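1. Fold the following.
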Amino acid sequence: MKHLLENWRKHLNEQRDQRPRKEPTPFKSKAQKRYKKKRKKNDIYSTISGHKNLKTGSPFTTKPQRSGTDRLRFEEIEGDMLLESIEGATRLSIFDFDETIAFTEGHINVIDKETGEEFQTKSQEEYDAIKDSDRYEFDFSPLDHVNNATENPSITTILRDRLSDVDTQVMILTARAPISIDDIHRTLRTFDRPIETSDIIMIGVEGQNKGNYLANVVLSKYDNIQEIEFYDDSQGNIDDMIQVKKELDSIDRGIKFDIYLVKHGRPELVSS
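-> As a prediction, this is how the structure comes out:
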C-alpha cells in the first residue's frame, strides 16, 4: 500500500509539472520583487496612531501606511542615470531654487551642540553665517515641502530661454533635501506660465557644498561641458563656485564660467 501511494504521488507531481504555467502575478517574480522594493523606497510611508474604537478603548494602531502623495524621485545624488542628458550639452545652466527661481517661505532648524539650544534660520544670510561651523547641527526637514512659492520672472525668463537651447542642459541645484524635488517639479508646473520640467535635472544636496558637487560628480565625468552659468542668492555658494572655477583654471580645463549672485531677485554677474 505504501508503495502504491508513493507511485500515485509521483504520478500527480509529474502531471502537475506538465500543466501550462501562468505568468508570475505582480510582484511574484524575482525581477518584480526588486521593482517593488525600489518602489517602496521611493514612496513615503507614514505611521498613523490612535484608538481603533474610542468606545472600547482598543489599542493604538501603528501599522505603516502610504501617505497618499505622488511617488517621489529619490535618485541617488551620484546616480549616472540622472545625469545622462548632460552628455549632449556644451553649456550647463545651474539655478538655485529658493530666492532665485522662486520666493518661498521656510526655515532650517538648528541645534547648538555646545549648549543644546534650538533655534531657526529663516534667511540665506543667517544660514551662511553659521553653516561652516562644527558647533551646529542642521535639520532641513522643514524644507521637505515648498510653501507659498512666488515666481521670480527675472530668473525664470532666463531659465525658459535656456530650456529652448538644444546645446544647454538646465540643472536646479538646491540646498533642500532630495525629498523636496517632487514639490519643486509641481511648483514650476503651476506657475502662470507653467515650466515643463521633464528636461530639467534637479538635485537636492541638503546643505552640502554645491561647488564640490559640480566638480566631483558632474565635471569629473562629463568633459563635453565648455560653459557653465550659475545663479544663486547665497554668497557662500557663490564663493564655493568661484573656488571651483579657480581650480579648473589652474589645470587648464578650459571651461567658461559666468557666476551670478541673485540679490533681491535680480542676477548680478560677479565672476566670468
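2. mind listing the strands for this structure?
-> 45-47, 64-66, 91-95, 102-105, 108-112, 118-121, 136-139, 147-151, 168-174, 201-204, 227-232, 256-263, 266-271 (DSSP state E).
3. Could you check the pLDDT of the residue nearest to Y127 when sequence neighbours are not counted?
-> In this structure, Y127 finds its nearest non-sequential neighbour in T121, 4.4 Å apart by C-beta to C-beta, 6 or more residues apart in numbering. C-beta here means a position set from N, CA and C on the backbone, and glycine is covered the same way. Predicted confidence (pLDDT) for T121: 75.
4. Helix or strand with the lowest mean pLDDT in the protein?
-> Here the helix or strand of the chain ranked lowest by mean pLDDT, DSSP states H and E is strand 45-47, holding a mean of 37.
5. hang on, the earlier thing: now the strands of the chain as a markdown table including distance to D128 and mean neighbour count?
-> Putting the strands of the chain into a markdown table (distance: least, C-beta to C-beta, whole Å; neighbours: other C-beta atoms under 10 Å) gives the following:
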| stretch | distance to D128 | mean neighbour count |
| --- | --- | --- |
| strand 45-47 | 33 | 10 |
| strand 64-66 | 37 | 10 |
| strand 91-95 | 18 | 23 |
| strand 102-105 | 17 | 16 |
| strand 108-112 | 11 | 17 |
| strand 118-121 | 9 | 14 |
| strand 136-139 | 12 | 15 |
| strand 147-151 | 21 | 14 |
| strand 168-174 | 15 | 23 |
| strand 201-204 | 18 | 23 |
| strand 227-232 | 11 | 23 |
| strand 256-263 | 12 | 18 |
| strand 266-271 | 15 | 14 |
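6. now the ones you listed as JSON lines including distance to R193?
-> As requested, these are exported to JSON lines (distance: least, C-beta to C-beta, whole Å):
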{"stretch": "strand 45-47", "distance to R193": "34"}
{"stretch": "strand 64-66", "distance to R193": "33"}
{"stretch": "strand 91-95", "distance to R193": "16"}
{"stretch": "strand 102-105", "distance to R193": "13"}
{"stretch": "strand 108-112", "distance to R193": "30"}
{"stretch": "strand 118-121", "distance to R193": "32"}
{"stretch": "strand 136-139", "distance to R193": "34"}
{"stretch": "strand 147-151", "distance to R193": "8"}
{"stretch": "strand 168-174", "distance to R193": "16"}
{"stretch": "strand 201-204", "distance to R193": "19"}
{"stretch": "strand 227-232", "distance to R193": "19"}
{"stretch": "strand 256-263", "distance to R193": "20"}
{"stretch": "strand 266-271", "distance to R193": "19"}
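7. closest one to R160 among the ones you listed?
-> strand 168-174 (9.5 Å; C-beta to C-beta).
8. List of residues touching the closest one?
-> Under the criterion C-beta atoms under 8 Å, 6 or more residues apart in numbering, residues 85-86, 88-98, 101, 159, 162-163, 180, 184, 199-205, 210, 213-214 lie in contact with strand 168-174.
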